[in-house]
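Engineer: I'd like to go over a predicted model; first the sequence, then the structure.
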Amino acid sequence: MLTAEQCAEAYRLACETELLAFKPGNVSIYSEAHDMTVEDFRLSAEVSAAAICRPDYSLGERIYHAVRATREAVSCNTNLGIVLLCAPLIQAAMQRRPQQSLRESLQQVLDDSSIADADWVFRAITLAAPGGLGESAEQDVGGQARVRLVEAMAIAAGRDRIALQYTDCFKDVFEFAVLEYNRAFVLSDDCGWAALAVFCEMLARYPDSHIERKYGQQYSEWIATEMALLARALKSAGRPEEVLPMLYRLDGVFKAKKINPGTTADITVAAVLVIFLEQLTGNTDCWSVIEGA
């Protein structure tokens with residue numbers, strides 16, 4: 001069981017690590033975009049940390065108040081997906097019992113989610129006003145919740161990969177992204193480089209639901225091909241600098257087409273957060289160190 005202070009520090013560092021990764025199409029220390037700056041994201045992480053880690057908040061309250069704090073600070077949607085993914089992970093870390101894995105604790109958090117949690121999350125989504133969300137005849141976020149949060153996420157899972165995580169206990173994070181991060185960190189000893197590897201490997205295999213809500217599938221195959229090439233280049237590079245020309249080229253092309261793999265970036269943050277939370281509990285299967293972020 002971790003304290004709120006430990007979780008807040010891990011959360012802030014996970015958000016910072018993602019910014020250190022040169023992710024084509026996204027905001028990073030290498031390139032800003034979408035009318036948002038690196039400082040917008042850093043401020044968002046800072047102001048949302050207290051709410052997302054507050055012990056007496058329910059899951060839905062953590063999400064709503066973190067999004068509200070962000071909106072008041074930066075007046076744009078920088079971290080809705082990050083908050084939706086990180087809030088249950090943090091609650092799981094804070095409620096985790098001895099001999100219980102983080103994922104087992106997470107499953108309990110998800111199973112215990114309520115209609116009230118769904119209401120709070122609907123309010124958070126409405127406040128953040130993400131682009132391309134659309135409406136659902138089954139359970140629209142603009143109305144009052146009629147189902148538990150996990151059930152609401154199941155309704156959206158077919159069109160939103162963040163919602164999908166709630167239905168399979170964050171399978172993408174625990175069974176793919178964390179493993180990719182550890183592999184890349186062992187080879188590079190660099191948190192930002194490892195986070196970039198997660199981003200590339202995810203996009204090479206799974207379409208980004210933020211992109212597909214905006215453009216359909218017109219770019220999906222092309223993005224997967226480009227990111228597979230980039231992932232191979234990362235694995236064969238002796239130094240990160242060797243791949244910078246390829247990264248700058250892809251970043252320029254993505255941003256010229258207004259392609260923003262935001263969902264994949266959010267899942268990357270969640271994977272890094274899992275690494276840091278596990279390390280705080282002494283899990284030696286996670287190789288990176290928080291001090292290295």
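Structural biologist: That came through fine.
Engineer: how about residue 84, what does it touch?
Structural biologist: With contact set as CB atoms under 8 Å, 6 or more residues apart in numbering, residue 84 has these partners: 63, 121, 162, 266. Using the backbone N, CA and C atoms, a C-beta is placed for each residue, glycine as well.
Engineer: Extract the CA atoms of stretch 256-263 and return them as CSV.
Structural biologist: What follows is stretch 256-263, C-alpha atoms only, in CSV (Å, rounded to 0.1, in the frame of the first residue of the first chain):
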residue,chain,number,x,y,z
ALA,A,256,1.0,18.5,-41.2
LYS,A,257,-1.9,16.0,-41.5
LYS,A,258,-3.1,17.0,-38.0
ILE,A,259,-2.6,13.4,-36.8
ASN,A,260,-2.4,13.1,-33.0
PRO,A,261,-2.0,9.6,-31.6
GLY,A,262,-3.3,10.9,-28.2
THR,A,263,-4.8,7.6,-27.0
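Engineer: pretty sure residue 93 is touching residue 4, no?
Structural biologist: No - counting by CB atoms under 8 Å, residue 93 stays clear of residue 4, with 10.1 Å between them.
Engineer: So for those two, which sits in the more crowded spot?
Structural biologist: Shown here are residue 93 and residue 4; by other CB atoms under 10 Å, residue 93 has more neighbours (27 against 16).
Engineer: Confirm the more buried one sits in a helix?
Structural biologist: Yes - Residue 93 forms part of a helix when assessed by DSSP: H, G, I helix; E, B strand; the rest coil.
Engineer: Compute the first-to-last residue distance for stretch 72-83.
Structural biologist: Taking CA to CA, to the nearest Å, stretch 72-83 runs 15 Å from one end to the other.
Engineer: Flag every buried residue along that stretch.
Structural biologist: Buried residues in stretch 72-83, counted by 16 or more other CB atoms under 10 Å: 74, 77-83.
Engineer: Need the max-distance pair from the residues you listed.
Structural biologist: 74 and 81 (15.0 Å; CB to CB).
Engineer: what bits of this structure have low per-residue confidence?
Structural biologist: Where the chain drops to pLDDT under 70, the residues are 131-142, 283-293.
Engineer: what residue of this structure is the furthest out?
Structural biologist: The C-alpha centroid of the chain is most remote from residue 238, which lies 27.9 Å away (CA atoms, centre = their mean).
Engineer: That one belongs to a strand, doesn't it?
Structural biologist: No - read with three-state DSSP, residue 238 is coil and lies in no strand.
Engineer: isn't residue 71 right next to residue 130, touching?
Structural biologist: No - with contacts counted by CB under 8 Å, residue 71 stays clear of residue 130, the gap being 11.8 Å.
Engineer: neighbour count winner among the two?
Structural biologist: The neighbour comparison of residue 71 against residue 130 (other CB under 10 Å) goes to residue 71, with 21 against 15.
Engineer: still on that earlier bit, among the buried residues of stretch 72-83, which are in helices?
Structural biologist: The helices, defined by DSSP state H, take in 74, 80-83 from those.
Engineer: Kindly reformat the residues you listed as a markdown table containing distance to residue 41.
Structural biologist: What follows is those, written out as a markdown table (distance: CB to CB, whole Å):
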| residue | distance to residue 41 |
| --- | --- |
| 74 | 8 |
| 80 | 12 |
| 81 | 12 |
| 82 | 9 |
| 83 | 12 |
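Engineer: any idea which of these is closest to residue 204?
Structural biologist: Of these, the one sitting nearest to residue 204 (CB to CB) turns out to be residue 81, at 19.6 Å.
Engineer: give the contact list for the closest residue to that closest one other than its chain neighbours.
Structural biologist: Residue nearest to residue 81 in three dimensions, not counting chain neighbours: residue 266, with 3.3 Å by CB to CB, 6 or more residues apart in numbering. Residue 266 makes contacts with 81-82, 84-85, 162, as judged by CB under 8 Å, 6+ apart.
Engineer: Okay, and residue 266 sits in which element?
Structural biologist: Using DSSP states H and E, residue 266 sits in helix 262-280.
Engineer: Residue 27 - how many residues pack around it?
Structural biologist: Counted with other CB under 10 Å, the neighbours of residue 27 add up to 22.
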